[in-house]
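J.: give me a 3D structure for the following:
(chains A and B)
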Amino acid sequence: MTVELRALRKSFRNVVALDDISLTVPDGELLALLGPSGSGKTTLLRVLAGLEFVDSGEILVGGQDMRAVPARERRIGFVFQHYALFRHMTVARNISFGLDVRPRTNRPSQAEINRRVEELLELMGIPELAARYPHQISGGQRQRVALARALAIDPSLLLLDEPFGALDAKVRRNLRRWLRELHDRMGLTTIFVTHDQDEAMEMADRVALMQSGRIEQVAGPEQLYAAPASAFVHEFLGESIRLDCTVRDGLAYFPNPAVPTVPTNCRSGSAIALIRPHEIALTAETGPAEVVAVYIAGPLMHIRLVLDGHVIDAIQPAQNDRPRVGSAVAVNLSSARIYPIEADTGPPWL
Amino acid sequence: MHNATPVPRNTAIQESAVTRIGLTGLTLVLLVTLLALPLLIVFAEALKRGLGPALDALAEPDALAAIQLTLLVAAISVPVNAICGIAAAWCIGRFVFPGRRLLVALIDLPFSISPVISGLIWVLLFGANGWLGPWLDRHGIRIIFAVPGLVLATMFVTFPFVARELIPLMQEQGAAEEDAALTLGASGWRIFWHVTLPNIRWALLYGVLLCNARAMGEFGAVAVVSGRVRGQTTTMPLYVEALYNDFDSVGAFTVAALLSLLALVTLVMKAILEWRMGRRGGVGR
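T.: The predicted model follows:
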């Protein structure tokens, strides 16, 4: 179902956890909430599930205002960070819990519940674990059980809090692919929290990047990487090289006049230029940057430059001409994105 | 090369054999004299004149009344403390609220003050000259020198056992499972019976066991509020003292032996519970 968040605000004592969050998640989308720890991602998830309450703002799921609906009636599937499986119940009873606790009037028959549990175990690929206890199965298996348990209640929305956080790298990669496939099959609107950009970029239809309780940008993974809306987004995703510059009349000037100016629509004043290592163009002519080291690793040539005392690590395809160490080369930063400095001073309460 | 030097013992312990054996021996001697010997003497004294007189001492009406009263006091104060202990542990383990630290400190209070004071507070509150004494007197309610006073004093002294067992466990387990149950549509009671309680059952049982042992064995606080009317307000520990003061050593030690047996049973059950809790990784982790 479509999820609409309007101007959500929440603070814990004097810490602002959610600061004017507005976000629309269309039906069937897989959205990642990405951000450093403490950025408010988990709080946002818990607010959606009804485990925390906002100070102001609206939460609509499928057009219905959720603020008056208690958590137990929301039918929102939640997979907790450490799975929170009921440790004294078997896997099968964990999965059936959401059905077992329904009031008698709309509880399915025992046979129906058993059938549903079997179905879910099958879907998760773990039919052999039904009689095991949580402490008898592996982390990856627990994850699947937690997911099955959340799906058993036929949720209108699925929320996952750091679904792969507690798993080792290999299991994590496999589960990532598996979960994406599962989502494609089921088409359930899903929001997951992660601090791992690769995870967000690989799995999500769109990524909402959060910082200090605010959403910095919501976009598809490719767009997020190619057109970061702020310096924070740029530096959070992938390698970034940061250089000071000054903007005057739509042109960014670098301290060294030998570096060509970059056209920008950033307003005039002090600014920073951010560029990714592979976007730095080197030209054959002599220029202001000194080559201090060059090495080739697989398909990439890593070139370390020093420009006015700043170390710049550039990357070029390995087949390019190899610059001579000690030579002075010209650099072209025309791919750099320019951000005004004020936007980078951090949240207003600091 | 110093091939002639002796190879050092392959251990981090560098003390000489004399020191090690001496210290171990001293510990054993202390254990025997301080713990095992007194227990043996209790049983030896009780059975000094054979099993017959010992059983006769237990069959005395006053002895039976003391045993009954002790069981009654424990039967009231232990369940009440278990329920209050769960409630307190749940509040403290699950929520952050102003005064939380104060509450934790208050729960420990009965441990840190003398049992005599624990009894005296009730006398000061409900006694004939206490704050509420005259009012109670007018309405014909007896608390001090009666069963309610014994229960109150016992409850006060044994309050921390259950709460203290549960607080660290509930803090460590966190609320995630309860949150999960909530999102799955369970009601508050359902969550308590099917998620919260099963997760704390072994620690709860352990706390109840300790609470019970202390409730039956408490002397100081109970002595202050009891009035020591034999056959009416004398619990087992008080009865032991009364018999001993009457030079009825077989009687005193027989009742004492019964109390000691209770302690031994508690000890065995505690060991079993600890084994269970340990095996499940601290009550099932």
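
J.: okay, B:Leu26: pLDDT?
T.: pLDDT recorded at B:Leu26 is 93.

J.: same question for the one 5 residues further on.
T.: The pLDDT attached to B:Leu31 in the predicted structure is 91.

J.: quick one: residues contacting the most centrally placed residue in chain B.
T.: Centrality entry for chain B: nearest residue to the mean C-alpha point is B:Arg214, 3.1 Å, by CA atoms, centre = their mean. If you count contacts by CB atoms under 8 Å, 6 or more residues apart in numbering or on different chains, B:Arg214 has them with B:157-158, B:161. Using the backbone N, CA and C atoms, a C-beta is placed for each residue, glycine as well.

J.: what strand or helix carries it?
T.: Using DSSP states H and E, B:Arg214 maps to helix B:197-217.

J.: what separates that helix from the chain centre, distance-wise?
T.: Distance of helix B:197-217 from the chain centroid (CA atoms, centre = their mean, to the nearest Å) equals 9 Å.

J.: would you tell me what the next helix or strand after it is?
T.: helix B:220-226.

J.: after that following helix, next one along is what?
T.: helix B:236-245.

J.: buried ones in the next helix or strand along the chain from that next one, by neighbour count?
T.: The helix or strand immediately downstream of helix B:236-245 is helix B:249-279, counting by DSSP H and E. Residues of helix B:249-279 classed as buried: B:250-260, B:262, B:266, B:273, B:277 (neighbour count, 16 or more other CB atoms under 10 Å in any protein chain shown).

J.: out of these, who's nearest chain A?
T.: B:Met277 (13.3 Å; CB to the nearest CB).

J.: wait, that closest one sits on B:Ala203?
T.: Yes - under the criterion of CB atoms under 8 Å, B:Met277 makes contact with B:Ala203 at 7.0 Å.

J.: now do the host helix or strand of B:Leu39: distance to the chain's middle.
T.: Here B:Leu39, judged by DSSP H and E, is contained in helix B:37-46. Relative to its chain's centre, helix B:37-46 lies at 22 Å (CA atoms, centre = their mean).

J.: do stretch A:71-90 as well
T.: With CA atoms, centre = their mean, you get 22 Å for stretch A:71-90.

J.: what's the mean pLDDT across it?
T.: On average, stretch A:71-90 scores 92.

J.: can you get me the start-to-end distance on that stretch?
T.: Criterion CA to CA, to the nearest Å; first-to-last residue distance in stretch A:71-90 is 24 Å.

J.: which parts of that stretch are buried?
T.: Residues of stretch A:71-90 classed as buried: A:71-72, A:74-90 (neighbour count, 16+ other CB under 10 Å).

J.: could you list the domains of the chain?
T.: Reading this off chain A. Following automatic domain parsing, one gets these domains for chain A: A:3-233, A:241-344.

J.: let me rephrase: I mean chain B.
T.: What the record gives for chain B is the domain set B:15-46, B:51-279, from automatic domain parsing.

J.: scan chain B for its longest helix.
T.: Determined from DSSP state H, the single longest helix within chain B is helix B:61-94.

J.: now that helix against helix B:236-245, angle please.
T.: Helix B:61-94 runs at 140 degrees relative to helix B:236-245, counting by axes from the mean of the first three to the mean of the last three CA atoms, to 10 degrees.

J.: now the lengthiest helix in chain A: how far from the chain's centre is it?
T.: Identified as the longest helix of chain A according to DSSP H is helix A:169-186. Counting by CA atoms, centre = their mean, helix A:169-186 is centred 16 Å from the centre of its parent chain.

J.: where in chain B is the helix or strand with the lowest mean pLDDT?
T.: The helix or strand of chain B with the poorest confidence is helix B:133-138; it has a mean of 82 (mean pLDDT, DSSP states H and E).

J.: hmm, back to that, wait, which of the domains of chain B is closest to A:Arg67?
T.: Minimum separation from A:Arg67 across these (CB to CB) falls at domain B:51-279, 16.2 Å.

J.: just give the nearest non-adjacent residue to B:Pro53, would you?
T.: B:Val250 (5.3 Å; CB to CB, 6 or more residues apart in numbering or on different chains).

J.: separation between that neighbour and B:Arg20?
T.: Noted for B:Val250: a distance of 44 Å to B:Arg20, by CB to CB, to the nearest Å.

J.: again, but for A:Ala131
T.: 51 Å.

J.: and if you look at B:Leu51?
T.: Taking CB to CB, one finds B:Leu51 at 44 Å from B:Arg20.

J.: ok, now A:Glu112?
T.: Relative to B:Arg20, A:Glu112 is positioned 68 Å away (CB to CB).

J.: repeat that for A:Glu290.
T.: A:Glu290 sits 69 Å away from B:Arg20, going by CB to CB.

J.: please say which of the two ends up with more neighbours.
T.: A:Glu290 (14 against 11; other CB atoms under 10 Å in any protein chain shown).

J.: wait, which of the contacts of B:Arg214 is closest to chain A?
T.: B:Phe161 (23.3 Å).

J.: packing partners for the host helix or strand of A:Leu45?
T.: A:Leu45 is part of helix A:41-49 when elements are defined by DSSP H and E. Counting contacts by 3 or more CB pairs under 8 Å, 6 or more residues apart in numbering or on different chains; DSSP states H and E, helix A:41-49 is packed against strand A:3-12, strand A:15-25, strand A:30-34, strand A:56-61, strand A:76-79, strand A:157-161, strand A:190-194.

J.: angle of it against strand A:15-25?
T.: Counting by the same axes, to 10 degrees, helix A:41-49 lies at 60 degrees to strand A:15-25.

J.: just the buried positions in helix A:41-49, please.
T.: A:41-49.

J.: cool, stretch B:65-74 as well?
T.: Applying 16+ other CB under 10 Å to stretch B:65-74 flags B:65-67, B:69-70, B:73-74 as buried.

J.: now distance to A:Glu122 too, for those, in CSV please.
T.: What follows is these, written out as CSV (distance: CB to CB, whole Å):
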residue, distance to A:Glu122
B:Ala65, 66
B:Ala66, 64
B:Ile67, 60
B:Leu69, 62
B:Thr70, 58
B:Val73, 57
B:Ala74, 53
